[in-house]
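Colleague: pasting the sequence and the predicted model now:
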Amino acid sequence: MRKKVIAGNWKMNMLPDEAIAYMQAFEPLVKETKVEVILCVPYTDLFYCIMNAQGTNIKIGAQNMHFEEKGAYTGEVSPKMLKAIGVEYVIIGHSERRQYFSETDETVNKKVKAAFANDLKPIVCVGETLEERESGKTEGIIRMQTRLALEGLSDWQVQHTIIAYEPIWAIGTGKTATSEDANSSIKAIRDEIRKIYGDSVAEEVIIQYGGSVKSSNAKELFSTSDIDGGLVGGASLQPEEFSKIVNYDA
Ligand code: 13P
């Protein structure tokens with residue numbers, strides 16, 4: 001039985017004082033949960049959040065990183081730097097990074113490998129655009145993105161990768177994929193993994209859904225056969241609302 005993993009992605013929001021106040025409000029609201037709870041926060045909040053998460057069940061993640069360990073890459077942050085301050089998870093290949101910052105399947109693959117090389121757990125995002133969906137390409141696109149992101153990884157590494165299926169048309173739009181649709185896309189991703197890495201890896205790998213997840217739709221989405229939790233943007237910015245998503249089954 002796979003564990004549910006629910007991660008908040010704050011994106012480019014929250015000053016350090018807001019982040020600290022959030023952590024203090026959020027921690028008591030989720031302390032009973034059996035779900036794995038992760039907050040993926042801006043670089044400038046990481047250290048404050050890690051300090052505040054000590055002794056709690058909340059894990060902290062970054063939203064991106066470079067694939068090199070160090071060097072002349074002005075403005076970038078390396079996996080080693082994240083690991084050194086106690087970061088556990090890192091989102092890789094979010095559609096906003098692919099769309100606005102020219103990330104490709106190739107850089108995503110390099111980053112996933114760099115995450116494992118530095119003992120960070122990657123949350124890899126895949127998902128189709130509206131145009132791709134309307135022209136019937138959804139399954140082909142997400143199978144390909146999954147394959148390319150995981151290329152060259154060991155079975156153990158694939159098993160320990162979290163995949164987030166985030167249809168781009170559902171992000172920040174209030175349009176959620178129906179639970180049947182999201183579940184069937186996630187089944188396709190799992191099937192692609194099964195084809196390459198076999199049954200036991202495919203059955204273990206955590207695959208989340210992301211795109212306008214709210215407390216009002218979390219239970220329906222997360223009760224399906226293959227959706228193992230969520231990657232939540234806007235609704236993770238309010239501790240009360242995000243705690244209701246984490247406690248969807250309570
Ligand atoms: P929203 O929940 O705001 O639609 O964002 C989803 C997302 O991009 C999480 O990474």
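Modeller: Looks like it arrived, so ask away. Residues are numbered from 1 along each chain as shown.
Colleague: residue 91 belongs to a strand, doesn't it?
Modeller: Yes. Assessed with DSSP: H, G, I helix; E, B strand; the rest coil, residue 91 lies in a strand.
Colleague: may I have the beta-bridge partners of it?
Modeller: residue 123 (DSSP bridges).
Colleague: got a list of what it touches?
Modeller: Contacts for residue 91 (Cβ atoms under 8 Å, 6 or more residues apart in numbering) come out as 7, 9, 40, 61, 62, 63, 64, 122, 123, 125, 164, 231. Heads up, the C-betas are built off the backbone N, CA and C, glycines and all.
Colleague: let's see it at 10 Å
Modeller: Neighbouring residues of residue 91 by Cβ atoms under 10 Å, 6 or more residues apart in numbering: 7, 9, 11, 38, 40, 61-65, 97, 111, 122-125, 162, 164, 210, 231.
Colleague: repeat for residue 207
Modeller: 2, 5, 124, 126, 146, 161-165, 182-183, 185-187, 189-190, 193, 226-229.
Colleague: rerun at 6 Å
Modeller: Neighbour list for residue 207: 163, 186, 189, 228 [criterion: Cβ atoms under 6 Å, 6 or more residues apart in numbering].
Colleague: check residue 220 too.
Modeller: Taking Cβ under 6 Å, 6+ apart as the test, what residue 220 contacts is residue 179.
Colleague: hey, what's the residue nearest to residue 182 when sequence neighbours are not counted bridged with?
Modeller: Excluding the flanking residues, the one nearest residue 182 by Cβ to Cβ, 6 or more residues apart in numbering is residue 209, at 4.6 Å. Taking DSSP bridges as the rule, residue 209 bridges to residue 165, residue 230.
Colleague: in the chain, what residue lies closest to the ligand?
Modeller: residue 233 (2.3 Å; Cβ to the nearest ligand atom).
Colleague: and that residue, how many neighbours?
Modeller: Other residues near residue 233 come to 22 when the count uses other Cβ atoms under 10 Å.
Colleague: ok, it - contacts?
Modeller: Contacts of residue 233 (Cβ under 6 Å, 6+ apart): residue 9.
Colleague: assign the most far-flung residue of the chain relative to its centre to helix, strand or coil.
Modeller: Within the chain, the residue lying farthest from the chain centre (Cα atoms, centre = their mean) is residue 72, at 28.0 Å. Assigned with three-state DSSP, residue 72 falls in the coil class.
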